[in-house]
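here is a sequence with its predicted model. Questions after.
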Protein chains: 2
Amino acid sequence: MEEKKINFKSLKASCKNCSLVELCLPRGLNTDDLSTLDEMIQQRRLVQKTENIFSQGKRSNCIYAVRSGSVKTFTTDKNGEEQILGFHLPGEILGLDGMDNQIHSCSAVALDTSTICELPIDDLNVLCVKIPGLQQQLLSLISNEITKDHTMLMLLARRNAEQKLATFFINLSGRFKARGYSADEFDLTMSRYDIGNYLGLADETVSRLISKFKDNKIIDANRKQISILNHEKLCGIAEGDFSLS
Amino acid sequence: MEEKKINFKSLKASCKNCSLVELCLPRGLNTDDLSTLDEMIQQRRLVQKTENIFSQGKRSNCIYAVRSGSVKTFTTDKNGEEQILGFHLPGEILGLDGMDNQIHSCSAVALDTSTICELPIDDLNVLCVKIPGLQQQLLSLISNEITKDHTMLMLLARRNAEQKLATFFINLSGRFKARGYSADEFDLTMSRYDIGNYLGLADETVSRLISKFKDNKIIDANRKQISILNHEKLCGIAEGDFSLS
DNA sequence: GAGATTTACTGATCTAGATCATGAGAACGA
DNA sequence: TCGTTCTCATGATCTAGATCAGTAAATCTC
């Protein structure tokens, strides 16, 4: 109890000494602007695995940045069916879909014990006027979000299961690398079911493909532990240059 | 020749007397702000069917609004394969994916003889500082764009062919209605192939489903002419409440 | 306005991936 | 810590929708 309180205090956000500064919203800001941004950011929030960060349809006056851990976002339709929209690593921004009316059109749940920085949208709007670079950076982020979604539409509509899964691993690998982790060995925080849901595949298909990739010495996998053994071949599959028998 | 020149002159954009003002970027602006925006908008551009509006990977300092006609946007991958991202009707904004670095990550082509309003991004950014409502409206538009893409991800990943096509027709119908056209009778400007590409289906499947919908008296269709005969049933199919044998 | 080309429709067949079913480890929880 | 519950893996079967093929009608082109 006592310790938890101390943890929370130490969690006071500071973009200035956050290692993610180059990947996150403050990218490109100078020291002064960074300080102004820092003042705005609410205390970081510690969330446990399966804990909700924000919910579809509910009002929330913030956008969110993952500081540590990992998060999934998803929409739920009226029949309760879920579609995972993305898995989010440290430095990535969540909730940009709520910039309109401050009501989010998706939900976010921690896949892991994670820390989340909260940025009140109203403050952000005010700050954007003061700091021109921030406005630009925000537009860049949203714009890139759209481009990412478009890539995903292409993946879902036009790629077969092998290509989808290979693309998924390559994408994750690159994002781990950008964060200073190994590009070739990492632990997944999401289940086979989640991966399948995200890629429009049955979880059995994901399992089978992972086994097939293992048989072909392209990856090694033990439950959540993944090693990429042959990056080039994995890319080849993703690009559709060839396919495993 | 002479007449064409006169046409172009008369095409000088004016948001003030555009009937689309409530659907488009100027939504919610007062008369003064509207005038300021008007000054910024470059002359409208007349484009013919199949003509390019902007191109993936190319620099373009504008975002675009459809004034009349219809437009499709699509990405092309390194193998030249295309994925249609959307069909756009009057009042809709294109090219928001280029707000980052002014390089568009998709292309836009007219499906019809169309007129397009061009808005230089730099001017827009400057104007956003002057007109707070505009900044908000722009963020709303982009934010909604993301939400739309998320709906599309759900459609592509989790819906069967019948649901996809039914959803497509209902969506078009609603958008025609919002523009003062009939919700039940309209002409398509895109081919069966385009519809299939957009929905992640083969064009033969689209043809077959249209025939099936006709057999079930849910729609009537003659080439590009579509009549929705039973809106309720079409919704039921889209929602997955039932399925045609 | 006659031939060439494109677009839409439909039948026959095939197959990628879903679904159903089962078992074996991990992880969880009282 | 031992049973219960997830999660993952894998075999067997099924099917929605792709692919291949051919025709007819609309549209374009000279």
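Here it is on my side, so go on. Residues are numbered from 1 along each chain as shown, chains lettered A, B, ... in the order given.

residues contacting the residue lying closest to residue A:132 once chain neighbours are set aside?
Of all residues beyond its chain neighbours, the one nearest residue A:132 is residue B:129 (7.9 Å), with distances taken as CB to CB, 6 or more residues apart in numbering or on different chains. For glycine as for every other residue, the C-beta is placed from the backbone atoms N, C-alpha and C. Going by CB atoms under 8 Å, 6 or more residues apart in numbering or on different chains, residue B:129 touches A:129, A:132, B:135.

in these, which has the lowest confidence score?
Least confident of the contacts of residue B:129 in the model: residue A:132, at 78.

and the helices in chain A?
A:2-10, A:31-40, A:121-130, A:132-158, A:161-178, A:192-199, A:203-215, A:231-239 (DSSP state H).

now the shortest one against helix A:203-215, angle please.
This means helix A:192-199. 100 degrees (axes from the mean of the first three to the mean of the last three CA atoms, to 10 degrees).

what are the buried residues along helix A:192-199?
A:192, A:194, A:195, A:196, A:197, A:198, A:199 (16 or more other CB atoms under 10 Å in any protein chain shown).

same deal with the longest one?
Applying a neighbour-count criterion of 16+ other CB under 10 Å, one finds A:134-135, A:137-158 buried in helix A:132-158.

just stretch A:94-114 next, same as before
Residues A:94-100, A:102, A:104-112, A:114 are the ones in stretch A:94-114 that count as buried (16+ other CB under 10 Å).

show me which of those neighbour chain B.
A:96, A:97, A:98, A:99, A:100, A:105, A:106 (CB under 8 Å from any CB of the partner chain).

contact partners for the residue nearest to the spatial centre of chain A?
Closest residue to the average C-alpha location of chain A: residue A:88 at 1.2 Å, with CA atoms, centre = their mean. Each residue near residue A:88 by CB under 8 Å, 6+ apart is listed here: A:66, A:70, A:71, A:72, A:73, A:94, A:108.

lowest average confidence, helix or strand, in chain A?
The helix or strand of chain A with the poorest confidence is helix A:2-10; it has a mean of 40 (mean pLDDT, DSSP states H and E).

so where's chain A uncertain?
Residue ranges of chain A with pLDDT under 70: A:1-13, A:42.

around DNA strand D, pick out the residues from it.
Residues of chain A lying close to DNA strand D (CB under 7 Å from any atom of the strand) are A:188, A:191-193, A:203-204, A:206-208, A:210-211, A:221, A:223-224.

could those go into JSON lines alongside distance to residue B:52?
JSON lines is the format used below for the residues of chain A next to DNA strand D (distance: CB to CB, whole Å):
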{"residue": "A:188", "distance to residue B:52": "42"}
{"residue": "A:191", "distance to residue B:52": "44"}
{"residue": "A:192", "distance to residue B:52": "43"}
{"residue": "A:193", "distance to residue B:52": "42"}
{"residue": "A:203", "distance to residue B:52": "42"}
{"residue": "A:204", "distance to residue B:52": "44"}
{"residue": "A:206", "distance to residue B:52": "39"}
{"residue": "A:207", "distance to residue B:52": "44"}
{"residue": "A:208", "distance to residue B:52": "43"}
{"residue": "A:210", "distance to residue B:52": "42"}
{"residue": "A:211", "distance to residue B:52": "45"}
{"residue": "A:221", "distance to residue B:52": "45"}
{"residue": "A:223", "distance to residue B:52": "49"}
{"residue": "A:224", "distance to residue B:52": "46"}
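
between the residues you listed, which has the most around it?
residue A:206 (23 neighbours; other CB atoms under 10 Å in any protein chain shown).

ok, that residue touching residue A:195?
Yes. Look at residue A:206 against residue A:195 with CB atoms under 8 Å: they come within range, at 5.0 Å.

now list whatever residues contact both of those two.
The contact sets of residue A:206 and residue A:195 overlap at residue A:165 (CB under 8 Å, 6+ apart).

and residue A:180, how far is that from residue A:120?
Between residue A:180 and residue A:120 the distance is 29 Å, computed by CB to CB, to the nearest Å.

ok, residue A:121 to DNA strand D distance?
33 Å (CB to the nearest atom of the strand, to the nearest Å).

picking up where we left off before, tell me which of the helices of chain A sits nearest to residue B:229.
Closest of the helices of chain A to residue B:229 is helix A:132-158, at 28.7 Å (criterion: CB to CB).

what's the burial count for the spatially closest residue to residue A:213 that is not a sequence neighbour?
Closest residue to residue A:213 apart from its sequence neighbours, by CB to CB, 6+ apart: residue A:219 at 4.6 Å. Close neighbours of residue A:219, defined as other CB under 10 Å, add up to 22.

so residue A:21 sits right up against residue A:15, yeah?
Yes. The pair residue A:21 / residue A:15 is scored as a contact, 5.9 Å apart, by CB under 8 Å.

higher neighbour count, those two?
It is residue A:15, of residue A:21 and residue A:15, that has more neighbours when counted by other CB under 10 Å, with 21 against 17.

so which bits of chain A are right by DNA strand C?
A:160, A:161, A:162, A:200, A:201, A:202, A:204, A:205, A:223.

make it 6 Å
Counting by CB under 6 Å from any atom of the strand, the residues of chain A close to DNA strand C are A:160, A:161, A:201, A:202, A:204, A:205.

nearest spatial neighbour of the first one, skipping sequence neighbours?
To tie it back to what came earlier, the one meant is residue A:160. Distance criterion CB to CB, 6+ apart; nearest residue to residue A:160, sequence neighbours excluded, is residue A:243 at 7.7 Å.

counting neighbours, what do you get for the one you found?
10.

just read off the phi/psi values of it.
The phi and psi values for residue A:243, taken as degrees, to the nearest 10, are phi -140, psi 150.

check the spacing between the closest residue to residue A:148 other than its chain neighbours and residue B:52 real quick.
In this structure, residue A:148 finds its nearest non-sequential neighbour in residue A:86, 7.8 Å apart by CB to CB, 6+ apart. Distance, residue A:86 to residue B:52, by CB to CB: 31 Å.

which one's more surrounded, these two?
residue A:86 (19 against 11).

got the contact list for the more buried one?
Taking CB under 8 Å, 6+ apart, one finds A:72, A:73, A:148, A:198 in contact with residue A:86.

now swap in residue A:153 and tell me
Contacts for residue A:153 (CB under 8 Å, 6+ apart) come out as B:83, B:85, B:149, B:152, B:153, B:156.

how close does it sit to residue B:73?
11 Å.

now for those two: what residues contact both?
Listed as contacting both residue A:153 and residue B:73 by CB under 8 Å, 6+ apart are residue B:85.

what pairs with the residue nearest to residue A:213 across the strands?
residue A:228 (DSSP bridges).

is it in contact with residue A:231, as I believe?
No. In this structure, residue A:219 is not within contact of residue A:231 by CB under 8 Å, at 9.7 Å.

roughly how far apart are the residue nearest to residue A:213 and residue B:159?
Distance of residue A:219 to residue B:159, given as CB to CB: 30 Å.

I figured residue A:209 hits residue A:168, correct?
No. With contact defined as CB under 8 Å, residue A:209 does not count as touching residue A:168 (10.0 Å).
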